[in-house]
Structures are given as C-alpha cells and as structure tokens.
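Colleague: whatever this is, show me its structure:
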Amino acid sequence: MNFKTLTDNFQIPVIGLGTWGIGGFTETDSSKDTEAIQAIKDAIELGYSHIDTAELYGAGHTHELIGNAIKNLDRSKLIITSKVFKTNLKYNDVIASCKKSLEKLQTNYIDIYLIHAPNPEIPLEETMRAMNHLVGQGLVNYIGVSNFSVEQMQEAQKYFKNKIVANQIPYNLATRNVNLDRNTNNLGSCINMESEIIPYCQKNNIIIMAYRPIERGFLLKPNLLLDGLSKKYGKTKAQISINWLVSKKNIITISKSINIDHLKENLGAIGWNLSPEDIKLLDEMEFESSNNY
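Modeller: A predicted model of the protein is given here:
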C-alpha cells in the first residue's frame with residue numbers, strides 16, 4: 001500500500017475501504033451480516049488498513065459490523081474514519097454521537113472524525129467546541145470535514161484548537177467541479193472542487209478524501225480515452241481512474257466493495273504511474289454528464 005502524510009508524520013493509505021451500503025444505507029439491513037463481516041476481514045487481510053464509515057450508514061449497524069470484524073485485530077494497525085451526521089451537530093449531540101459510535105465500533109478512539117456535511121441551522125462554533133472536547137478527552141485523534149466549501153473550512157478552523165486534517169468530497173474524473181449526485185440524503189452539493197476546494201487543501205496541507213472514485217460505475221462505461229489507456233497500461237478503467245486520483249498532491253480515495261475480486265482490483269491501481277502526458281490528457285478530458293446514469 002502507498003501512503004500520504006496526513007499531519008505530524010501520520011501516514012494514511014492512498015486507498016481506503018468505504019462502507020456505505022454495508023449493513024444498510026440509511027436504514028439497517030442485517031440480511032448479509034456474515035458476508036459483510038467477512039468482507040471487511042478479507043479487505044484488511046489484503047492490505048486495507050483505512051476503514052471509512054459514518055453513524056448514518058445502516059443507521060449505526062455498519063459500525064457494529066466493523067466492530068465485529070476488527071475486535072480481535074491489532075487496533076493500532078488500523079485507521080478508522082467516522083462521521084457525525086448533520087442533524088447531530090449541537091454540542092451535546094456531537095459528543096453523544098461519538099460515544100455511541102465508539103461503543104458500536106468496539107474501540108476507545110476514532111482516528112479521524114468528520115462532520116458529515118455542514119448544517120447552516122447549527123452554528124459551527126458550537127460543533128467545533130464539541131470537537132475540541134473530543135480531542136481533549138482522547139476519544140478522537142484528528143478532526144476533519146466532509147462536503148465543505150473553502151469558506152466553511154475556514155470558519156470551522158477558526159473555532160478548532162488543532163488543525164483540520166481532511167475534507168471528504170465526491171471527486172473523480174467525471175465530477176471535477178460539481179457533485180453530480182442529486183440524491184445525497186440532504187448532504188448538500190459540493191461544488192468548485194477542482195477550482196477552489198482542492199487547491200486550498202493542497203496549499204494548506206489538508207488531505208482530500210475523494211469518495212466515489214469511479215462515480216458509481218459511470219467511469220466504466222465505454223470511453224475512447226479510458227479504453228485506450230486501459231489497453232496501453234494493461235489496467236482496468238477503474239484502476240486508471242483511481243491511479244489518476246491518487247497521483248494528485250494530498251489526494252487519497254475511498255472505494256467501497258465487498259467483492260474480493262474488486263477489492264484486489266482496486267489495489268492494482270497503485271504501484272505504477274501514469275505518464276505525465278497521460279495525466280494531462282485525463283486532466284483536460286471532459287466527460288459527458290452522469291446525472292442520468
């Protein structure tokens with residue numbers, strides 16, 4: 001696995017395991033628990049040491065599945081990112097959400113705790129005061145945000161004693177400056193990613209956690225450039241898309257799968273490099289809209 005520096009020489013893998021939909025989406029689904037727990041174990045065995053989750057996922061059940069999968073493993077070798085949902089951003093709610101997540105994850109700390117999305121109805125100052133408390137109590141090591149604009153990141157940092165280390169956004173070859181997902185459970189739209197958010201994060205040494213690296217399968221559709229690069233490098237289009245992402249300064253990605261072949265395929269996106277010329281071609285490529293895909 002390749003790594004990038006999060007902060008203070010803390011290394012984070014360039015590919016993390018996403019868990020959205022494992023154990024349910026916004027509601028609990030226990031029908032495939034055994035398969036899900038085994039898939040998480042298999043992923044860790046393959047080399048996935050960063051697990052991304054959220055209290056929203058499976059209405060908390062995803063946390064329980066992860067907790068069961070890692071309970072007999074060396075916790076110090078894993079990085080767990082979780083998120084507090086936008087409806088729980090009041091001071092006491094943030095702390096209660098974190099403690100509930102810790103209990104379900106069967107761990108005594110979360111490595112990186114993110115605000116899942118901004119909530120204009122709750123002052124960021126109140127939320128960040130709770131985040132300061134969590135870090136001070138040792139319940140959380142690092143704080144980040146998700147789906148935040150530059151202005152929102154700047155405001156959050158103003159109230160946080162330590163450094164905000166990450167912003168998780170839906171960035172990939174097809175999205176660039178607009179979150180194409182129109183059904184994000186009220187997470188809000190993340191815009192100006194390539195023109196504003198990413199340059200700001202790169203300048204300020206904030207890690208971009210790019211989720212949906214293949215835009216829910218859209219980047220696997222026939223495409224002249226991706227098809228040609230796939231043939232040139234002997235790699236799949238998913239591997240080309242992921243390699244392009246992690247070639248960028250301060251960008252890592254989160255990719256969800258419970259299929260062991262797909263887990264292996266995603267790892268095949270690293271350990272080699274696209275040429276600067278091919279990166280430039282992808283940088284300049286305009287993909288058709290995936291709104292209706």
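Colleague: point out where this protein drops to low pLDDT.
Modeller: Scanning the chain for pLDDT under 70 picks out the ranges 180-189, 288-293.
Colleague: run through the helices of it in chain order.
Modeller: For the chain, the helices defined by DSSP state H occupy 33-46, 61-70, 91-105, 124-136, 150-159, 198-203, 224-233, 237-246, 260-267, 276-284.
Colleague: in stretch 196-211, what counts as buried?
Modeller: Applying a neighbour-count criterion of 16 or more other Cβ atoms under 10 Å, one finds I197, I198, Y200, C201, I206, I207, I208, M209, A210, Y211 buried in stretch 196-211. C-beta here means a position set from N, CA and C on the backbone, and glycine is covered the same way.
Colleague: what residues does that stretch touch?
Modeller: With contact meaning Cβ atoms under 8 Å, 6 or more residues apart in numbering, stretch 196-211 is reached by 4, 6-7, 12, 16, 18, 20, 52, 81, 144, 146, 148-150, 153, 164-172, 190, 245, 248-254.
Colleague: stretch 276-284 now?
Modeller: Residues contacting stretch 276-284 (Cβ under 8 Å, 6+ apart): L173, L225, L229, K232, I240, W244, S247, L274.
Colleague: same check on stretch 70-79?
Modeller: So stretch 70-79 is contacted by 12-13, 16, 40, 44, 49-51, 105-107, 111-112 (Cβ under 8 Å, 6+ apart).
Colleague: filter these to the buried ones?
Modeller: Buried members of the contacts of stretch 70-79, scored by 16+ other Cβ under 10 Å, are I12, P13, G16, I40, I44, S49, H50, I51, L105, T107, D111, I112.
Colleague: need these in a markdown table (columns: distance to L220).
Modeller: Below are the buried ones among the contacts of stretch 70-79 laid out as a markdown table (distance: Cβ to Cβ, whole Å):
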| residue | distance to L220 |
| --- | --- |
| I12 | 26 |
| P13 | 23 |
| G16 | 20 |
| I40 | 24 |
| I44 | 26 |
| S49 | 26 |
| H50 | 23 |
| I51 | 24 |
| L105 | 32 |
| T107 | 35 |
| D111 | 31 |
| I112 | 29 |
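Colleague: between these, which sits nearest N179?
Modeller: Distance to N179, by Cβ to Cβ, is smallest for G16 among the buried ones among the contacts of stretch 70-79, at 19.3 Å.
Colleague: so the closest one bridges to which residues?
Modeller: Listed beta-bridge partners, G16: I254 (assigned using DSSP bridges).
Colleague: follow-up on the earlier one: inside strands: which ones of the buried residues of stretch 196-211?
Modeller: I207, I208, M209, A210, Y211 (DSSP state E).
Colleague: nearest to V94 among the residues you listed?
Modeller: M209 (19.8 Å).
Colleague: the residue nearest to that closest one when sequence neighbours are not counted pairs with what?
Modeller: Leaving out its chain neighbours, the residue that sits closest to M209 by Cβ to Cβ, 6 or more residues apart in numbering is Q168, at 3.9 Å. Note on Q168: beta-bridge partners by DSSP bridges are S146, M209.
Colleague: surely Q168 and S146 touch.
Modeller: Yes - with contact defined as Cβ atoms under 8 Å, Q168 counts as touching S146 (3.9 Å).
Colleague: and those two? Which one has more around it.
Modeller: Ranked by neighbour count (other Cβ atoms under 10 Å), Q168 and S146 place Q168 first, with 28 against 25.
Colleague: list the contacts of that one.
Modeller: Taking Cβ under 8 Å, 6+ apart, one finds 52, 81, 83, 114, 144-147, 208-211, 254 in contact with Q168.
Colleague: distance to V178 added to these, as a markdown table?
Modeller: Listed next are these as a markdown table, based on distance: Cβ to Cβ, whole Å:
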| residue | distance to V178 |
| --- | --- |
| D52 | 22 |
| T81 | 24 |
| K83 | 22 |
| L114 | 21 |
| G144 | 22 |
| V145 | 19 |
| S146 | 17 |
| N147 | 13 |
| I208 | 16 |
| M209 | 18 |
| A210 | 14 |
| Y211 | 15 |
| I254 | 19 |
